[in-house]
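**Student:** Just to be clear, the model below is a prediction. Sequence and coordinates:
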Amino acid sequence: MEVLGQLLNTTLVFSTALIFAALGGIFSERSGVVNIGLEGLMMFGAFAAAVGGYYAQEAGMGEWAPWVGVLCAMAVGVIGSLIHAVASITFKADQTISGTVINFLAAGSTLYMVKLIFDGSGETPLIDGFSKLSIPGLSKIPVIGEGIFNSYPTTYLAIILVIVIYFVLFKTPFGLRLRAVGEHPSAADTLGVNVNKMRYIGVMLSGLLAGIGGATITLTTTGTFAHNTISGQGFIAIAAMIFGKWNPLGAFGAAVFFGLSQAIRNYVQLFEWSKSIPQEFIFMIPYVLTIIVLVSAVGRSSAPKALGEPYDPGKR
Amino acid sequence: MSRIKKIFATDTYIIPLIAILLGFLVGAIVMLIGGYDPVAAYSALFKRVFGSPYDFGEAVREMTPLMFTGLAVAFAFRSGMFNIGADGQVMIGMTAASVVGIKLGGVLPAFLLVPLAVIAAGVCGGLWAGIAGYLKAKRGINEVITTIMLNWIALFLSNYIVRTFLLLQGQNRSEDNPASLSMTFLFSTFDNARLHWGTVIALVAATFFYVYLWKTKQGYEMRAVGLNPHAAEYAGMNVGRNVIKAMFISGVFAGLAGAGEVLGVFHYQSVFAASPGYGFDGIAVALLGLTHPLGVILAAILYGTLTYGSAGMSFGADVPPELIRIVIGSIIFFIAAQGIVRWVLKPFYFKRKKEKVL
C-alpha cells in the first residue's frame, strides 16, 4: 500500500510539467495555431525560473523565491510565444515552421544567456525549489493522502487549472469564441469575433502555461537549468495533447499516463526480478506503451478543423 | 535560357538570401548586447571553416548527415507529413550498419560487405520510419506522436543491441567495424580529415529525390497526397500506400546518414547517453532549404559551416557557440515569415517595377 502511494506521488511529479504544457498546447491549437514550439517554450520557462529563482533567493526572499521564478517563467514564456504569434498569425508563416523556430531560438538563446550571466558556465547554480506541501487532514487518507495530498504546490495548481480551463473552454463565451476561431474562422469573423486577436491570446496563453511547465521542472525536479533540462518533455506534452484529443481532461489523463509509465520505470528497477530484464527494455516502457495504447484504444484524432491554416479574410 | 531567367526573376532566391543576411544581423545584435565583437566572431567562424584543408574537410564531414536528414524531413514534408523521427531512423541505420559490418566482417569481401552494410542501414531506417507511416495510414495515428516515441525506442534498442552483441570488452563502444566508407585516397590532401563516401551518396540521394518526386508518376501521386489527401483520394490514388511509401523513403535517407557516420567517421558505435540530435538539425535544414533537394543541399552546407565554425567563434572571440542557433533560428524565422522580408524589400521592389514599366 505504501508503495502504491509513493508510485502515485512520483507519477504526479513527472506529470505536472506535462499537464501545464499540454494545457498550453490546447489553448494554442484550439484557436487554430499549431504549436510544435512547446518544447522551446518550456525551455524558456525552465531557464527563466532558474535565473529568476536564483536572484530572488540571493535577495533573501526565502520560500517565496520559487514563486518569483514561476512569474519570470510566465513572462518569458509569453514573450517567446509572441515570436510564434507574430510569424504565424500576422505574417501567415507556416505554423509548423515558426514553431520549430521557437525550439531553435530557445535552445540557443537560453544557453547563450546562461553562459553570459554565469561567467561561461553551462548550467545555472543549484537553487532550493518548492518543497512538498501536505494538506492537513486529507494527507492522512491511506494511499491517496500520501499520493496526492502531499505534493508540490505546482501539482495542486496544475490539477486546479485542468478543471478551470475545461470550464473556460467549454462553458464561457470566451472559450466558445476561441474554439470557433479554430474550427471555422470565417464564420466567427462574420459574427464579429476578432480572429487574429483570439489567436494571439491562444498562443500567448500557450506560452504562459508552457513556461510554468518548464519552471516546474527546474523548481521541483532538477534545481538547475542546463541544456538537457527539458530534453523532449515538450514533445511528449504535444503527444499528451493529441492523445487527449485537445480536451483538458483528456490531456490531463494522457499526461498522468506518461507520468505513470515514467514512474513505473523507476519502480520496476527496485525489484529483484527486474534484474533479469535488460534495462533498455525497461526504459522503453513509456514509449512502447503509448504506441500500444494509441493503436488499441484511441481512434482517429479529432483536431480543430482550421488547425494550421492562417486566416485570410479575402479567401472566403 | 528562359528557364534560368525565370528562376532569377522570381523571389525564390532573393528572399532566402535576405533572410540569411537578416539572421546574421540578429546574431550580431545579440552579440553586441552581450558585449562581444560580432566582426571578430564572424571572421573567426569563417576562418575556422576555410582556414585549413583539415578543417574544411571536417566541415564537409559535418554537413553530410545534415544533407541526409534534411532530405529525409523534406521528403516527408512534401508528402504531407512531419517526420520528427529522423533521429531514431539515423540510430537504427547506424546499428544496422554496425551489425552487418562487424558480424559479417570476416565472412564477406569488402566489395560486398560495404554495400551490404549501407543497404542494411537504409532499409532498416526506412522500415523504422515505415512503422509510423503504417500506423498513420491504417490507424490514423498522428505521425508526430509515433515518430517521437520511435525516437526513444530506437535509442534504447540501439543501445541494447550494441551492449549485448557488439561491445568491446570493458568499454562503452563496439568493436572496430571492418566495413569502411572512408575516402582514404583524399586523406593526405585534407590532412586526415574524415571525408567519406557518404557525402557522394547524399548527393545521389538528393538527385533521386528530385527525379522521383518531379519526374515520375509515383512522385506525382506522392506530391498530390501531400498537397491535398482528399483530392488525391478522389482522383483514385491510394493515399495510405503513398503515406507508407513516403515515410519509408524518408527513413531510408535518414538511415543512410547513420551508415555514413558509423562506416565513414567513427568506424565503431558507442552506447548513446542521449539522442544524437541529427534529426532535429535535419528539420532546420529541410526548412532552410524550402524542402527542395537542391535547397536542402545548400542549406546543409550553410548549416554545417555555421555549426562547425561556431567552435572557432567561441575560441577566437569568446562568444558562446550557442549563438549560432539564434542565427539559424532567425534565418528560418525570416524565411517562414516572408512578409517581413518583403516589407524590408518593399522600397527596392517598387523601384524595380517602375524600371520595368519604363
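**Tutor:** In hand now; what should we look at?
**Student:** which other helices and strands contact the longest helix anywhere in chain A?
**Tutor:** The residue-count maximum for a helix in chain A (DSSP state H) belongs to helix A:2-30. Taking 3 or more Cβ pairs under 8 Å, 6 or more residues apart in numbering or on different chains; DSSP states H and E as contact, the helices and strands that helix A:2-30 lies on are helix A:38-58, helix A:144-147, strand A:150-151, helix A:153-171, helix A:173-183, helix A:195-216, helix A:233-243, helix A:248-268. Heads up, the C-betas are built off the backbone N, CA and C, glycines and all.
**Student:** Who are the contact partners of B:E143?
**Tutor:** B:M81, B:F82, B:N83, B:G85, B:A132, B:G133, B:L135, B:K136, B:M247 (Cβ atoms under 8 Å, 6 or more residues apart in numbering or on different chains).
**Student:** now with 10 Å?
**Tutor:** Residues counted as contacts of B:E143 (Cβ atoms under 10 Å, 6 or more residues apart in numbering or on different chains) are B:76, B:80-85, B:129, B:131-133, B:135-137, B:150, B:243, B:247.
**Student:** burial count for B:Q169?
**Tutor:** B:Q169 has 5 neighbouring residues, counting by other Cβ atoms under 10 Å in any protein chain shown.
**Student:** Same question for A:M43.
**Tutor:** By other Cβ under 10 Å, 34 other residues sit near A:M43.
**Student:** For B:V99, give me its contacts.
**Tutor:** For B:V99, the contact set (Cβ under 10 Å, 6+ apart) comprises B:A117, B:A120, B:A121, B:C124, B:I161, B:V162, B:F165, B:L166, B:S174, B:N177, B:Q269.
**Student:** Run through these and flag the ones next to chain A.
**Tutor:** Applying Cβ under 10 Å from any Cβ of the partner chain to the contacts of B:V99, one finds that B:I161, B:V162 fall near chain A.
**Student:** Inside strands: which ones of the contacts of B:V99?
**Tutor:** Among the contacts of B:V99, DSSP state E puts none in strands.
**Student:** B:F190: which element?
**Tutor:** Counting by DSSP states H and E, no helix or strand carries B:F190.
**Student:** Ramachandran coordinates for it?
**Tutor:** Note on B:F190: its backbone torsions stand at phi -110, psi 30 [degrees, to the nearest 10].
**Student:** circling back to that earlier point, including mean pLDDT and distance to A:L289, could the helices and strands packed on helix A:2-30 go into a markdown table?
**Tutor:** Shown next, in a markdown table, are the helices and strands packed on helix A:2-30 (pLDDT from 0 to 100; distance: least, Cβ to Cβ, whole Å):
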| stretch | mean pLDDT | distance to A:L289 |
| --- | --- | --- |
| helix A:38-58 | 95 | 21 |
| helix A:144-147 | 77 | 20 |
| strand A:150-151 | 83 | 23 |
| helix A:153-171 | 95 | 22 |
| helix A:173-183 | 93 | 30 |
| helix A:195-216 | 96 | 22 |
| helix A:233-243 | 88 | 11 |
| helix A:248-268 | 88 | 5 |
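**Student:** These: which one's closest to chain B?
**Tutor:** Nearest of the helices and strands packed on helix A:2-30 to chain B, taken as Cβ to the nearest Cβ: helix A:233-243 at 4.3 Å.
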